[in-house]
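In: Everything below, folded, please.
(chains A and B)
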Amino acid sequence: MAGIPSRHKSLVLLAGVIILQVVLLAVQIKRDSQGRLLRVWTVSAVSPFQRAGAKGIGNIRDTWSHYFALQNTSRDNEQLRRQNDELKMQVNQLQSKAAEADRLSALLNFRQGQRSVPMLAARVIGTSADTASQTVYLDRGERDGIRRNMGVITPDGVVGKVIESYRDTAQVLLLTDKDSGVGAMLADSRIQSPVGGTGEPLLSMKYIPTDDTVNVGEHVVTSGMDRIFPRDLPVGVVTEIKTGRPFQHVRVRPAANLQRLEEVIVLLTLHPLEQKKEAPAAVAPTAETPGKRVGGTAAVNP
Amino acid sequence: MMNDAFDLRLAETHIEVHKFRSGAIVAAAVLSLMLQAFVPVYFPKFAVLDLPLLVTIYFGLSRRNPSTGLLLGMVIGLLQDSLSGPTVPLGLYGIAKTIIGYLASSIGARLDTEHPAARFALTMMFFVVHQGFIALTRRLLLAEPEPWFTLRLAIAAAVNAVVAVVLFTLLDRLRRS
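Out: Below is the predicted model:
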């Protein structure tokens, strides 16, 4: 205290003594959650400098890396862009696989629900070369047990039937082809009538008598009368009704998405599926117009 | 300079600095601490008094040396902390009495503090300031809710001031004549 004026010596002493006692207090006091008060004070005193230092160093580092050390940025950008493209491709592939897995899962579920009917899953590998016919090719053929006139479906509904079977592939006539058809009935009223293609996205239910009541939105299912498809498979939904004589003109939207087929199920049987005896109250003609053929295959074969 | 006492002339005021018999300050401090520690056991209302504070004020006012005043206050305060319960950490009274010792010595060097009225007023003021520093320390360092001022504090200040007038007269007898 040699350099301190005498009138201030007592003040300096006071300050020193007070500080000593405050430190003494701090050593003794222990806060519940933060430990000893001395530590709290020390941390509180030091942390602003640490924070400021860290922020300053961070800013310097950011400035350096963002504005000066850019010699590798272009290369990194290129690499990242390439990686981004690869990742996008991977994402697309994974999304595609996930969608495929969903579809296959639906196929599996459907197949497990129809254990009595032998089935074979097949992948659509091509379509017809001309626009007039609605056909697709499958990746399965005779070696897998596929024969002509076998039914082809998806879990959503009827697709069509096999019109040609080769060694490793098969050609399927879709339900929308104007030469195609399937034995069907209205799900609610159980009125039977074949449903045939028109060459357009919608199907036609041709033989509903004018006196019968049909509602838009009513579901159409297989009747089983063609002995190819099991009964009650979804065929489509009634979307349009026009009166006519002697039959109404009923348009049906296919239940299966025939525009985007990727996997289908082939019903591996040529034996007539068992039909339960039923006496329908109003039975429409269950056969096609006599003499009509569907791509060499009887669409409805009474 | 006199043998038993010497004079200071500050701000044109004649201030007398007193000396005490050897061991008088220590004995008074120890006695005040002992009384403060043990009498309230038998007479709880005695706790309203702060004898160590009164001793600190008295010797601060009499010695009129801020350095010795604050050191005396510190020692008495720390001893009082030591004799207090576990809820009083070392330094609580020490800080307060250090400041009171300093203030008393500083004021004693500028004012005539021999008159009973002055002693009464100064003691009341120092008592309140002392409690103020106690409250401040408790609030800031111990995070304890401590009221700044209560009626009980005012009464205690008055009681201590009254006792101080009597006590200081007794302590005057310890001065070297």
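In: Find the residue closest to the residue of chain B found nearest chain A in space, skipping its chain neighbours.
Out: Across chain B, no residue is closer to chain A than residue B:66, which sits at 3.5 Å (CB to the nearest CB). No exception for glycine: its C-beta is placed from N, CA and C like everyone else's. Leaving aside its sequence neighbours, residue B:66 sits nearest to residue A:10 (CB to CB, 6 or more residues apart in numbering or on different chains; 3.5 Å).
In: so the one you found sits right up against residue B:68, yeah?
Out: No. Counting by CB atoms under 8 Å, residue A:10 does not reach residue B:68; the two are 9.0 Å apart.
In: Who has more neighbours out of the two?
Out: residue A:10 (21 against 18; other CB atoms under 10 Å in any protein chain shown).
In: Can you show me the strands along chain B?
Out: B:5-10, B:13-18 (DSSP state E).
In: Going by mean pLDDT, which of those comes out lowest?
Out: Mean pLDDT is lowest for strand B:5-10 among these, at a mean of 44.
In: if we can go back for a sec, could you tell me which residues make contact with the residue of chain B closest to chain A?
Out: A:10-11, A:13-14, B:102, B:105-106, B:109 (CB atoms under 8 Å, 6 or more residues apart in numbering or on different chains).
In: among the residues you listed, which are in helices?
Out: Counted as lying in helices by DSSP state H, out of these, are A:10-11, A:13-14, B:102, B:105-106.
In: Model confidence for the nearest residue to residue B:116 once chain neighbours are set aside, exactly?
Out: The shortest distance from residue B:116 to any residue other than its chain neighbours is 4.8 Å, reached at residue B:165 (CB to CB, 6+ apart). On pLDDT, residue B:165 comes in at 94.
In: Please apply the same query to residue A:2.
Out: pLDDT, residue A:2: 55.
In: that's a helix at residue A:240, yeah?
Out: No. According to DSSP: H, G, I helix; E, B strand; the rest coil, residue A:240 belongs to no helix; its state is strand.
In: Give the phi and psi angles for the residue nearest to it when sequence neighbours are not counted, as a check.
Out: In space, and not counting its chain neighbours, residue A:240 is closest to residue A:251: 3.9 Å by CB to CB, 6+ apart. The phi and psi values for residue A:251, taken as degrees, to the nearest 10, are phi -100, psi 140.
In: Can you give me every residue that contacts residue A:251?
Out: A:202-205, A:238-241.
In: run the last query once more with 6 Å
Out: For residue A:251, the contact set (CB atoms under 6 Å, 6 or more residues apart in numbering or on different chains) comprises A:202, A:239-240.
In: out of the residues you listed, who's nearest chain B?
Out: Nearest to chain B among these: residue A:239, at 77.1 Å, using CB to the nearest CB.
In: what residues are up against the closest one?
Out: With CB under 6 Å, 6+ apart, residue A:239 has these contacts: A:251, A:253.
In: Residue A:205 versus that one, what's the distance?
Out: For residue A:239, the distance to residue A:205 equals 11 Å [CB to CB, to the nearest Å].
In: if we can go back for a sec, pLDDT check: weakest of the ones in helices among the contacts of residue B:66?
Out: Ranked by pLDDT, these bottom out at residue A:10, which has 83.
In: Now do the same contact list for residue A:254.
Out: A:175, A:203, A:236.
In: Among those, find me the one that's closest to residue A:89.
Out: residue A:175 (35.4 Å; CB to CB).
In: give the contact list for residue A:171.
Out: A:135, A:137, A:163-164.
In: what residues does chain B put near chain A?
Out: Applying CB under 6 Å from any CB of the partner chain, one finds that chain B approaches chain A through B:66-67, B:70, B:74, B:89-91, B:94-95, B:98, B:102, B:141.
In: run the last query once more with 7 Å
Out: Neighbours of chain A within chain B, by CB under 7 Å from any CB of the partner chain: B:66-67, B:70, B:74, B:89-92, B:94-95, B:98, B:102, B:141-142.
In: Identify those among those residues that sit within helices.
Out: Going by DSSP H, the helices hold B:66-67, B:70, B:74, B:92, B:94-95, B:98, B:102 from the residues of chain B next to chain A.
In: And the residue sitting nearest the centre point of chain A, how far from chain B?
Out: Centroid-nearest residue in chain A, with CA atoms, centre = their mean: residue A:99, separated by 4.5 Å. Here residue A:99 is placed at a distance of 62 Å from chain B (CB to the nearest CB, to the nearest Å).
In: Over to residue A:220?
Out: For residue A:220, the distance to chain B - CB to the nearest CB - is 80 Å.
In: Next, count neighbours for the nearest residue to that residue once chain neighbours are set aside.
Out: Spatial nearest neighbour of residue A:220, excluding adjacent residues (CB to CB, 6+ apart): residue A:235 at 4.4 Å. Other residues near residue A:235 number 27, with proximity taken as other CB under 10 Å.
In: Now tell me what touches stretch A:88-97 from outside.
Out: The contact list for stretch A:88-97, computed with CB atoms under 7 Å, 6 or more residues apart in numbering or on different chains, is empty.
In: sorry, back to before: next up, the contacts around the residue nearest to residue B:66.
Out: B:66-67, B:70, B:102.
In: do that again at 8 Å, thanks
Out: Applying CB under 8 Å, 6+ apart, the residues contacting residue A:10 are B:65-67, B:70, B:102, B:105-106.
In: before we move on, back to that, tell me the buried residues in the strand or helix carrying the residue nearest to residue A:220?
Out: Using DSSP states H and E, residue A:235 falls within strand A:234-242. Neighbour-count burial for strand A:234-242 flags A:234-238, A:241 (criterion: 16 or more other CB atoms under 10 Å in any protein chain shown).
In: what does chain A have sitting close to chain B?
Out: A:9-11, A:13-14, A:17-18, A:21-22, A:24-26, A:28-29, A:31, A:37 (CB under 8 Å from any CB of the partner chain).
In: Now a ChimeraX select for only the buried ones of those residues.
Out: Those of the residues of chain A next to chain B that count as buried under 16+ other CB under 10 Å are selected in ChimeraX with:
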select /A:10,11,13,14,17,18,21,22,24,25,26,28,29,37
